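1. task: produce atomic coordinates for the following.
(chains A, B and C)
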Amino acid sequence: MLAWSIYISFAGALVAALLPKGKPAAARWWALAVAVAGLAIAIADYATHMGAGREVIVDVPWVPSMGVHFLLAADGISRVLVLLTGIAAVAGVLFSWNVELRTNQFFAFYLALIGGVYGVFLSGDLFLLFVFYEIAIVPKYFLISIWGSTRREYAAMKLVLYSFVGSAMVLIGLLAAYTTAGSHSTTLAALAHAGLPVSFQMWCFPLVFVGFAILAGMWPFHTWAPTGHVAAPTAASMLLAGVVMKLGAYGCLRVGIGLFPHGLDPWGFSFIGLGSWRDVFAWLAVIGIVYGALVALVQTDFKFVIGYSSVSHMGFVLLGLMTLNQIGLDGAVLQMFSHGVIAGLLFAIVGRVVYDRTHTRQFSELEPMHLSRRLPFAAWAFVFAGVASMGLPGFSGFVAELQVLVGAWQANPWWTIVSGIGIIVGVAYIWRAMQKAFFADTLPSAHELESEHAHKFDPITWPEIAGVALLGISTLVVGLYPRILLDSIEPAVKALLAGGAQ
Amino acid sequence: MNELATGFPILTFLTVLPLAGAAIALFAGKHARGVALLTSLACLVVALVVWTLLPADGSIGLVELHPWAPSIGIDYHLGVDGLGALMLVLSAIVTLMSVDASHRVHHMPGLFYGLILILESGLFGSFTALNFFQWFLFWELSLIPAFFLIKLWGGQRRGPAATQFFIYTMAGSVALLLSFLAIFLATGSMDFVQLAAMAASGTLSRMVTAHLGAVMPWLAIGVLAGFAVKVPLVPFHTWLPAAYAEAPSPVTMLLTGGMSKMGVYGLLRIALPIFGVQIAAMRTPLLVLAVITVVMGAWAAAAQKDLKRVFAYSSVNHLGYCLLGIFALAVPVYGPAAQASQAAALNGVILQMFNHGITAAAIFWFIAMIQFRTGGLRGINDFGGLRKPAPVLAGLMGIVLFSSLGLPGLNSFVSEFLIFRGVFPLAWVAATVSILGLLVTAIVILTVIQKVFSGPVPEHWKNFPDLHHSERMALAPVIGLMFLVGLAPRLILDTINPTVVNLLAHWRF
Amino acid sequence: MNYAALFRATLPETALEIAALLVLVADLGFLRKAALEIRAAVAALIGVAGCAAAVWGVYAAGWAGFSAGSDQLLAAGGSAGVAQVAILVLTALTLLLLIDTDFTRNAGEYVAVVLMAAAGGLIISAAQDLLVIFTGLELLSLGLYILTAFAKKSEKSAEAALKYYLFGAMSAAFLLFGFSYLYGLSGYTSLPRVILGAYMASATGASPLLFIALVMIAAGLGFKIAAVPFHLWAPDTYEGAPAPAAAFIASVSKVASFALLLSISYAILWFPGMLHMAGHVTVKFSTSPAPVTPGFVTAWPLILMLLSVASMVFGNLAALAQSSVRRLLAYSAIAHAGYILLGLAFFSWSNLSAQAVLYYILTYGLTTIGAFGVVGVVERATGSDRLDAFLGLHKRSPVLAAVLLVLFLSLAGIPPLVGFWAKFNLFAAVLGVSAGPIPFALVALAIAFSAVSLYYYLQVLKRAYVMPANDESPIHAHPVTLAVLIAIAAAVLVLGCFPALLQSWIASFYPAM
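-> As a prediction, this is how the structure comes out:
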């Protein structure tokens, strides 16, 4: 059943592309219907398979000469991420309701991207995964460069080239692994059992890991993320931060750690205190956490704050992966979900609810607008999302980041200690952004009040409310009852760790 | 325990109830006030039901325990004993008073009452949580609405006041969080009951030392700092006068009546059981700080010209007695006499929390009424002779002020007496110096009474309107309660004494 | 000599020549007064029919080929068969693109030349003899020179044709020079015997001479496939030639030339391959310390490797700087030739490598024809092939824009389009032959440069989709052209989604292993 989420997304993209021009409403409703159908499939599957093990959904030979299978399979990790994709997809459509320019093309690219993302999360074959991974790259380019804002063409090109360089690294590693394994199957399961030599894993792992981690926003390969996020139209930045960055992290986990577990073994020597790739990447993740937070603290553009916060939060995912223990990996997967939802919400508020009305994102220009009074919905939705992003208990981020920190502590206490700075700074930058954008202290003069009255913002529309509600409820439900996801994630992580130990 | 207690998750219900009310109030527009009144009334009823359902032996009852995030050993764990239940009742009363006092909020009333109710939920949650994670959730949950209530409805300098409030409390929270993370990493548990048991048997200290080295005192300091900000303990108090003064009076009522108790409660529920040994080791410096809090609070109050600031510092002073009692009893004692002193001090502390909550909230309520009648004036020298035009106002406020002063027959007398009764044998120097605070407080309050209510009536206050009927009706139960507790303290003491005995039996210093 | 067998073996070529004559007769004899459009349509249709007949001929000829005595002159089946069918299909497609053009008034002559050149392509795909190879090559090349010059009114066309002709003549001389050395060293013209003789010669110390011969041959063939440093003609020719002719040059001539390279590579491996199959020695190409390959065999891959690296690097980097889409396609063709050469440099006697190379060149040819088709239409509408001519194409002609999107993404190697599988197969084949550090590094280089290539392909797509249009008047294409382009795009997509289709079709030409 889950496979249909992929099929309907691509079919939906095709239909959207063929819809007649000049009827944006049709394209919108169509895209919403497709996205909701995907979400419904994801939810139905999740509800019926909660805590279930790995299940093969489709398995047909695809390129028999090379042993490539069209193999779709789902375990707890995949299901959680598919669920995230479904949620993000629906929310993205809702927040794109006001796209008037080339609406049908917009949703065609949008749905193609969604289809690719579903595909990556469900692929059980290495090359199928790669194919879907690349499919997701191109629509991003057009979404950003056509419908984006600030320096959109530059940002789009930068993003695509970064992604493509990353995927080139991955492809090199995958081809090497395929030929080295000498097996006639490219399924992940077969390759994991092929017994790749340790020395091979040692150099192939960093290649593949970095290739994927570029898309996950690992410092210092993160620079595409803030510019890309800022330039992208709202739905695209929601998807970028919400699910596309997760593709990278998922690849790191499923392919990097899943296929090359020995790549994380100690080198046998130590260089400036780093004794293995694990140390290297964990420290890069920690640097990303702190760096992203600190840079977010000094931005003058509202959206850049959120863009850098994504770098910081994705650092937790990567750090969680490098803990290589149950808690840390649980946390990493949960953080993928959590950040997907929360970042989506933040971008939606900044990009759609605020920017589309104020047409500026500079704090200096937002401050005198008194948005807390003029756009109370935006202000309070941002407070909600910001609090969730700070990692306050009761929201999904807390459980996720806590698990990552605990896992990291077990692996190397210093990782936890340094990352703690990132959390504290995280509170500060969200709080600063909230103050500056919505709750600035200056009191409006009578003249300003008058002009404000004359220039009323457009009223909040129902899709915005629905989108905020969807994302808000998601983070709240997971935050209040994390077992709803953890029960599925834990067995899957356990199986993955057991597989890696062989 | 009866049927209701075992089957029905009444504590969860109590916590969710104001949230539901908040959700309705947000969209109720003009009717938000009605919704809030009904909700807080219902909460009071439920809180009283909880009070009646407590186990007789003073242990923790009405427990709800469900696995929540098993991978990191976090459970959903709720329960109350006499201490918690009394705080629930107090929070419910203070919220009701605050909602009642808010009838002049016209700017975004839905949001205002919604935030008040969310704050109430935070109070309930933090007084019932038995797991750090969950407790922290509510601790923070109460902070956010408080911030916005100050920020959006406060006075002229609300912005800096709210910011200062937020940053101080947040810094305290971070200290708390870090300490508990360390404990969690060492022990794998966040459960207060488990941790207290481990502390009592000494395993906690051993495990922490084994994992992290000799950091136990530092963890204790971190936790104490978190609570000290909230109570507040000098020198962590500087956020308080600005926040209390700038917040709208109904919010100040909640801040002083409810939120400051979260700090004291935290000391009793969390700090003493888990860090008893460490606190006992630091007892002397802590006592010094407590005494400074008592004395300095009173002196500072005497120096203020703004009624709200006067009573803000007076609050510092009154909560200082609680801190004095708590730190004084944190010492290993031998023999029944000393144990009795300990028990008296603890009884006094708990009762003082309740009394101060009621009294301070009532004082700020009166200030709100005066402000309303004078167009926002609240300088101590702005008035004079008000008892002539407004005898009922003067009379009732006098009662409340005397309660604050500790006049026998009124509620605060009992608790302050019990505290000093307990502290003298345990730490006579501290008690003696603190007496100074009592005296200064008396001077402060008498000065206020004299300047506001006595003397010649200025021309423009000749027609100062007295309390009208509905205000009298609203105030009557509160003042009645003050007399009731003052005259028949056993109503409360009989229920909390078993808890006190139970707590002292489990604590290890 | 068995003329019946020769006729059987050359059925496809014969069919093409007959079709060429028919075109001339029909055009010059019956349609002198008819409108250009009709003449072009009739000529193209006859040409397509001829191609269809020739495809039938390929199958009807069986897999026997043609031998004179014990020496094979023309091969059949296997790589030759695949290449021949591909040449015919691609030729037919380029002919269909003619229908909507106006660069010449002599449509019949154009079609006839195309068909004859295609016949030359068929011959070199199958040739196993030095003389036959050279004859076929000249037949093909002369046709191409004429086609390049066909737009008589265009100065560019004439200039390009002259350049092409001069470079071509020189490279033919190089090739002939190399061939003559080989003949002198071995005493034979049949490829397997030439190679065998070369082994003998290298064993007796004639390696330097042999090496010179190989370099000469590489230069001659490198010119055909436009490998750096023999690529100089390509950008000018691609830019100057009429669009259908450019498409023909970029696709058919490439397929034929690579088919020839495959024949040579097979021949080189034939001898050690026989020994290997018989279990006498183990042969592999690698730089590992135990090479078992006879001396000169390593020289050929080395030459190809150098050409490959130079082409990949230079082609991709030069393409970045182009502002003409045709020149961009020319440099990208150079880059693609570089990738394919990698597959030839690490060649295996199992059919793995050959099939991967054929897969690549077939799909590349198909895609390029489509790309030139789009360029041709845009050029006619705007009078320019500059990048900016594509501004706002998605508005002016959504279908063309969509076709361009599919084709260019396929060229960049984005899955699930066929260009991805082509690269993927090829690189997997390279690593399958040898997994040493050098092939690995080269594959890494190739993949890295295909990431670079995305940049310039996106430059075109960016104008088509992203940037605002100067002129929003719609562009109309002839329905046949449109149908051809859509069919090509659909094929690129479908073959990409089901990569096994084309693979199994190619494999069907090879006897089961």
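2. in chain A, which spans are strands?
-> Under the criterion DSSP state E, chain A contains strands at A:55-63, A:68-74, A:266-271, A:274-276.
3. tell me the most buried of those strands?
-> strand A:68-74 (a mean of 23; mean count of other Cβ atoms under 10 Å in any protein chain shown). Where C-beta positions appear, they are placed from N, C-alpha and C, glycine not excepted.
4. now the angle from that strand to strand A:55-63?
-> When axes from the mean of the first three to the mean of the last three Cα atoms, to 10 degrees is applied, the directions of strand A:68-74 and strand A:55-63 differ by 170 degrees.
5. now strand A:68-74: how far from the chain's centre is it?
-> A distance of 23 Å separates the centroid of the chain from that of strand A:68-74, by Cα atoms, centre = their mean, to the nearest Å.
6. contact partners of that strand?
-> A:2-3, A:6, A:45, A:49, A:54-62, A:82, A:122-125, A:127-128, A:185-187 (Cβ atoms under 8 Å, 6 or more residues apart in numbering or on different chains).
7. for the stretch 401-502 of chain A, what lies in contact range of chain B?
-> A:402-403, A:405-406, A:409-410, A:413, A:416, A:420, A:424, A:427, A:431, A:435, A:439, A:441, A:481-483, A:486, A:490 (Cβ under 8 Å from any Cβ of the partner chain).
8. quick one: which of those residues sit in helices?
-> Residues of those located in helices (DSSP state H): A:402-403, A:405-406, A:409-410, A:413, A:416, A:420, A:424, A:427, A:431, A:435, A:483, A:486, A:490.
9. of these, which is the nearest to chain B?
-> residue A:409 (4.8 Å; Cβ to the nearest Cβ).
10. how many neighbours does that closest one have?
-> Residues near residue A:409, counting by other Cβ atoms under 10 Å in any protein chain shown, number 25.
11. just checking, it touches residue A:416?
-> Yes. Residue A:409 is in contact with residue A:416 according to Cβ atoms under 8 Å; the separation is 4.3 Å.
12. now the common contact residues for those two.
-> Taking Cβ under 8 Å, 6+ apart as the criterion, residue A:409 and residue A:416 both touch residue B:185.
13. can you list the buried residues in the lengthiest helix in chain C?
-> In chain C, ranked by residue count with DSSP H as the criterion, the top helix is helix C:243-277. Neighbour counts over helix C:243-277 (16 or more other Cβ atoms under 10 Å in any protein chain shown) mark C:243-269, C:271-273, C:276 as buried.
14. what residues does chain A have near chain B?
-> Within chain A, the positions adjacent to chain B are A:326-327, A:330, A:372, A:376, A:380, A:383, A:387, A:392-394, A:398-399, A:402-403, A:405-406, A:409-410, A:413, A:416, A:420, A:424, A:427, A:431, A:435, A:439, A:441, A:481-483, A:486, A:490 by Cβ under 8 Å from any Cβ.
15. filter those residues to the buried ones?
-> A:326-327, A:330, A:372, A:376, A:380, A:383, A:387, A:392-394, A:398-399, A:402-403, A:405-406, A:409-410, A:416, A:420, A:424, A:427, A:431, A:435, A:439, A:482-483, A:486, A:490.
16. so how far is chain B from residue A:300?
-> 20 Å (Cβ to the nearest Cβ, to the nearest Å).
17. and the average pLDDT for the longest helix of chain C is what?
-> Here helix C:243-277 scores 83 as its mean pLDDT.
18. what number of residues lie near the closest residue to residue C:302 other than its chain neighbours?
-> Of all residues not flanking residue C:302 in the chain, residue C:345 sits nearest, at 7.8 Å (Cβ to Cβ, 6 or more residues apart in numbering or on different chains). By other Cβ under 10 Å, 26 other residues sit near residue C:345.
19. residue B:82 too?
-> Counted with other Cβ under 10 Å, residue B:82 comes out at 27.
20. so who does residue 420 touch?
-> Looking at chain A here, since you left the chain open. Contact partners of residue A:420, counting by Cβ under 8 Å, 6+ apart, are A:405, B:178.
21. that's the other chain; I wanted chain B
-> By Cβ under 8 Å, 6+ apart, residue B:420 lies in contact with B:348, B:431, B:434, B:435.
22. quick one, grab the pLDDT at it.
-> The model's pLDDT for residue B:420 equals 90.
23. which strands and helices lie in contact with the host helix or strand of residue B:96?
-> Using DSSP states H and E, residue B:96 maps to helix B:82-101. Where contact means 3 or more Cβ pairs under 8 Å, 6 or more residues apart in numbering or on different chains; DSSP states H and E, helix B:82-101 is packed against helix B:32-52, helix B:109-128, helix B:249-254, helix B:260-266, helix B:336-374, helix B:469-487, helix B:490-506.
24. for residue B:157, find the nearest of these.
-> Closest of those to residue B:157 is helix B:249-254, at 14.3 Å (criterion: Cβ to Cβ).
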